[in-house]
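J.: sequence below, structure please.
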Amino acid sequence: MLIITLFACTSVTDTYSEHYESRSIRNLIADVEDGNLNYQARPGDIDVRWTSKGWGRDEEIANRRQAGNSWEVTGTDNVLNIFSSSDSGGRVDFEVEGPSQMFTDLRLDDGSAHLDGLSGYQSVIADSIWIEGGSGGAELISSGSVNADLHPNPGDTIIIEGSDVTLDLPPGRYDLAVWADPESLLEIDDFGFHHTAFGEGSFAAVSGDGAVRVDVFATGNVTIRETW
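T.: This is a model prediction of the structure:
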């Protein structure tokens with residue numbers, strides 16, 4: 001006889017914040033063991049809010065797991081640093097609002113990154129990545145999906161690794177290469193390519209002088225769209 005016992009899950013949450021003048025901070029470095037990081041660009045200084053969470057079958061366990069969270073948020077010289085670590089059953093999520101001119105170097109071991117309206121080079125490793133209205137080059141590495149709306153400048157490089165990849169680009173001159181699973185679906189708009197090459201699960205093309213290099217490595221489907 002199989003007996004299944006269900007326990008209600010209890011969670012505890014505490015929220016913290018810091019404020020920094022944004023006159024000199026133009027770099028964000030983050031190392032988050034378990035949690036998400038969202039950045040919303042807007043005029044003004046930098047506001048960081050983070051939520052420490054723990055959960056378990058009762059409040060005592062949830063509090064103990066939350067106590068296993070640790071973090072450090074500092075703004076020094078031209079860098080905003082975010083660090084957190086968590087035991088099993090805990091996590092720390094971060095919300096950042098600040099100027100659009102921001103270069104990022106983000107590593108999220110177990111979490112997603114969402115960047116909205118940033119200008120500058122973005123380097124992100126996360127379970128899933130979502131970038132909206134980005135201006136500049138990027139290196140985006142994910143074990144899950146990548147959705148990116150990027151507006152690169154001549155000479156920029158875009159490198160993406162993920163499962164399903166969706167990339168929106170403005171009209172321009174690109175040196176594009178895609179490597180995907182042979183069973184994957186590739187949907188790629190014509191950016192005025194004058195040289196193309198197809199293979200099993202691969203595609204390469206050049207438009208104009210290929211001023212922007214784009215490399216995509218995917219285990220799932222790939223969509224690259226021209227946006228206006």
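
J.: from here on, just use CA atoms for contacts and neighbour counts.
T.: Will do.

J.: next, the buried residues of stretch 97-116.
T.: Neighbour counts over stretch 97-116 (16 or more other CA atoms under 10 Å) mark 97-109, 111-116 as buried.

J.: among these, which are in strands?
T.: Of the buried residues of stretch 97-116, the ones assigned to strands by DSSP state E are 97-98, 103-108, 112-116.

J.: list just the nearest of these to residue 65.
T.: Proximity of those to residue 65 (CA to CA) peaks at residue 108, which lies at 19.4 Å.

J.: contacts only, for the closest one.
T.: Under the criterion of CA atoms under 8 Å, 6 or more residues apart in numbering, the neighbours of residue 108 are 30-37, 125-127.

J.: among those residues, which two are most distant?
T.: By the measure CA to CA, 30 and 127 form the most distant pair in the contacts of residue 108, at 14.5 Å.

J.: helices of this structure, start to end?
T.: Here the chain has its helices, by DSSP state H, at 59-67.

J.: shaky segments in it?
T.: Filtered on pLDDT under 70, the chain yields the residue ranges 1-8.

J.: just send the ones in strands among the buried residues of stretch 97-116 back as TSV, with distance to residue 69 too.
T.: Conversion of these to TSV gives the following (distance: CA to CA, whole Å):
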residue	distance to residue 69
97	23
98	25
103	27
104	23
105	22
106	19
107	17
108	15
112	18
113	19
114	22
115	24
116	27
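
J.: residue 141 bridge partners, please.
T.: In this entry, residue 141 is beta-bridged to residue 125, residue 161, by DSSP bridges.

J.: neighbours of it, how many?
T.: The number of residues packed near residue 141 is 22, by other CA atoms under 10 Å.

J.: ditto for residue 193
T.: What residue 193 shows, counting by other CA under 10 Å, is a neighbour count of 17.

J.: just give me the neighbour total for the closest residue to it other than its chain neighbours.
T.: Of all residues not flanking residue 193 in the chain, residue 207 sits nearest, at 4.2 Å (CA to CA, 6 or more residues apart in numbering). For residue 207, the count of nearby residues is 19 (other CA under 10 Å).

J.: list the residues that contact residue 207.
T.: Counted by CA under 8 Å, 6+ apart, residue 207 has contacts 172-175, 191-195.

J.: narrow those residues to those in strands?
T.: If you go by DSSP E, the contacts of residue 207 have 174-175, 195 in strands.

J.: and these, which are buried?
T.: Those of those that meet the buried threshold are 174-175, by 16+ other CA under 10 Å.

J.: out of the ones in strands among the contacts of residue 207, which comes closest to residue 159?
T.: Distances from residue 159 to those, taken by CA to CA, are shortest for residue 175, at 11.7 Å.

J.: quickly list what that closest one is bridged to.
T.: In this entry, residue 175 is beta-bridged to residue 206, residue 213, by DSSP bridges.

J.: I'd assumed residue 206 was in contact with it.
T.: Yes - using CA atoms under 8 Å, residue 175 makes contact with residue 206 at a distance of 4.5 Å.

J.: please save the CA atoms from stretch 109-118 in PDB.
T.: Output of stretch 109-118 as PDB, limited to C-alpha atoms (Å, rounded to 0.1, in the frame of the first residue of the first chain):
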ATOM      1  CA  ASP A 109      24.100  30.000 -11.200                       C
ATOM      2  CA  ASP A 110      20.400  29.200 -10.700                       C
ATOM      3  CA  GLY A 111      18.200  32.100 -11.900                       C
ATOM      4  CA  SER A 112      17.100  34.300 -14.800                       C
ATOM      5  CA  ALA A 113      18.400  37.700 -16.000                       C
ATOM      6  CA  HIS A 114      16.100  40.400 -17.400                       C
ATOM      7  CA  LEU A 115      17.700  43.600 -18.700                       C
ATOM      8  CA  ASP A 116      15.600  46.400 -20.100                       C
ATOM      9  CA  GLY A 117      17.000  49.500 -21.900                       C
ATOM     10  CA  LEU A 118      20.700  49.100 -21.300                       C
END
